[in-house]
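Novice: Provided below for reference: sequence and predicted model.
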Amino acid sequence: MARIALASSASHVDDAELDLLRRAVQDLGHDAAVEVWDDDAVDWHDYALTVVRTTWDYTDRHDEFLAWTRRVPRLRNRSDVIAWNTHKTYLRDLARAGCPVIPTAWDVTDADVLATHADAWGVGVGAAEWVVKPAVSAGSRDTARWTDADDALSHSRDLVESGRTAMLQPYVASVDSDGETAVLFAGGEYSHAVVKGAMLTQGEGVRDDRDSRERITPTVATDAQIDVARRALRAAGDALGGGLDLLYARVDLVTSPEGTPQVIELELTEPSLFLPYVDGAAERFAAAITSTVNSLGRV
Ligand SMILES: Nc1ncnc2c1ncn2[C@@H]1O[C@H](COP(=O)(O)OP(=O)(O)O)[C@@H](O)[C@H]1O
Ligand SMILES: [Mg+2]
């Protein structure tokens with residue numbers, strides 16, 4: 001029996017998926033406890049493994065969170081993976097490695113620059129829809145969909161002026177009809193997939209209360225989706241020097257205007273794993289936890 005910590009933010013210790021995972025780990029004969037990542041009373045050295053789970057308040061405390069990941073021994077995913085993955089500039093590494101990602105422009109504050117990107121993406125400034133979001137975010141926070149390029153530009157400027165990195169993307173229209181597909185891997189093996197409905201509504205602007213909007217349905221990932229998801233994971237390995245030993249990974253994909261899968265997000269930090277939606281998923285992730293513990297050795 002090993003002691004395993006599942007790290008959460010204080011506000012999410014009662015999360016249903018977290019409890020499902022905790023019980024699945026217990027069922028494999030381990031002692032699994034939910035711990036709050038910024039609780040000073042916790043001695044992380046007591047645990048054979050700490051798994052980053054529902055630490056969703058980190059986006060406003062990024063530096064503090066990264067410092068915590070460096071202090072915790074036997075953390076999964078690893079702190080270098082988390083440092084790389086919590087800033088969406090990792091999408092550039094994926095693109096550089098030839099993995100298809102949604103076209104993205106960074107820190108756009110100038111109308112001419114926006115027009116140049118629109119041209120390069122084959123969308124007209126007047127006709128296209130845009131998404132603007134910060135590079136450090138989760139749960140669609142500070143993210144919005146704009147039909148007017150001036151609104152997109154002004155949102156992007158606001159983010160840059162407040163010292164954040166701003167992302168500008170074309171709105172991928174298929175998200176409205178088909179949603180995005182999350183492809184889940186446990187210990188490097190494909191586990192399951194779900195479809196998540198669109199999160200951004202036209203004309204709504206910036207809102208930070210979209211979490212409750214999630215509509216999830218189980219699906220079967222296509223070969224093309226699994227292939228792109230694996231390419232994203234290989235590109236992550238290349239960017240970080242290999243041997244990532246990922247305990248979990250989630251690759252979120254959309255369908256490009258050409259009908260091919262494109263990465264919207266690679267989640268190696270604190271993703272919902274959508275365990276309640278698919279039979280056997282919690283057991284697969286619990287088994288991946290056990291094999292990670294075995295490979296690390298007991299304390
Ligand atoms: N370029 C885009 N096209 C269509 N929808 C998008 C785009 N970017 C973001 N979205 C929508 O906004 C949501 C949040 O954006 P995402 O990039 O997944 O960041 P996070 O989940 O970290 O907040 C997505 O789930 C999707 O519904
Ligand atoms: Mg997302």
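Specialist: Okay, I see it. Ligands and ions are numbered 1, 2, ... in the order given.
Novice: Three-state assignment for residue 51, please.
Specialist: What DSSP: H, G, I helix; E, B strand; the rest coil gives for residue 51 is strand.
Novice: next one: residue 184
Specialist: At residue 184 the chain is in strand, as set by three-state DSSP.
Novice: Could you list the residues of this protein in contact with ligand 1?
Specialist: Contacts of the chain with ligand 1, taken as Cβ under 6 Å from any ligand atom, map to 102, 131, 133, 137-140, 143, 169, 171-172, 175, 180, 198-200, 252, 264-265. (Each C-beta comes from the backbone N, C-alpha and C, glycine too.)
Novice: count of neighbours near residue 77?
Specialist: 23 (other Cβ atoms under 10 Å).
Novice: who's in contact with the helix or strand harbouring residue 116?
Specialist: With elements taken from DSSP states H and E, the one containing residue 116 is helix 111-120. Helix 111-120 is contacted by residues 103, 105, 108, 124-125, 128, 149-150, 152-153, 168, 170 when judged by Cβ atoms under 8 Å, 6 or more residues apart in numbering.
Novice: Residue 35 belongs to a strand?
Specialist: Yes - under three-state DSSP, residue 35 falls within a strand.
Novice: can you pull the contacts of it?
Specialist: By Cβ under 8 Å, 6+ apart, the residues touching residue 35 are 5-8, 42, 44, 50.
Novice: can you put those in a markdown table and add pLDDT and secondary structure?
Specialist: As requested, the contacts of residue 35 are exported to a markdown table (pLDDT from 0 to 100; DSSP: H, G, I helix; E, B strand; the rest coil):
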| residue | pLDDT | secondary structure |
| --- | --- | --- |
| 5 | 98 | strand |
| 6 | 98 | strand |
| 7 | 98 | strand |
| 8 | 98 | strand |
| 42 | 98 | coil |
| 44 | 98 | helix |
| 50 | 98 | strand |
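Novice: Need the max-distance pair from those.
Specialist: Using Cβ to Cβ, these span at most 13.5 Å, a distance reached by 8 and 44.
Novice: Brilliant, that's me finished.
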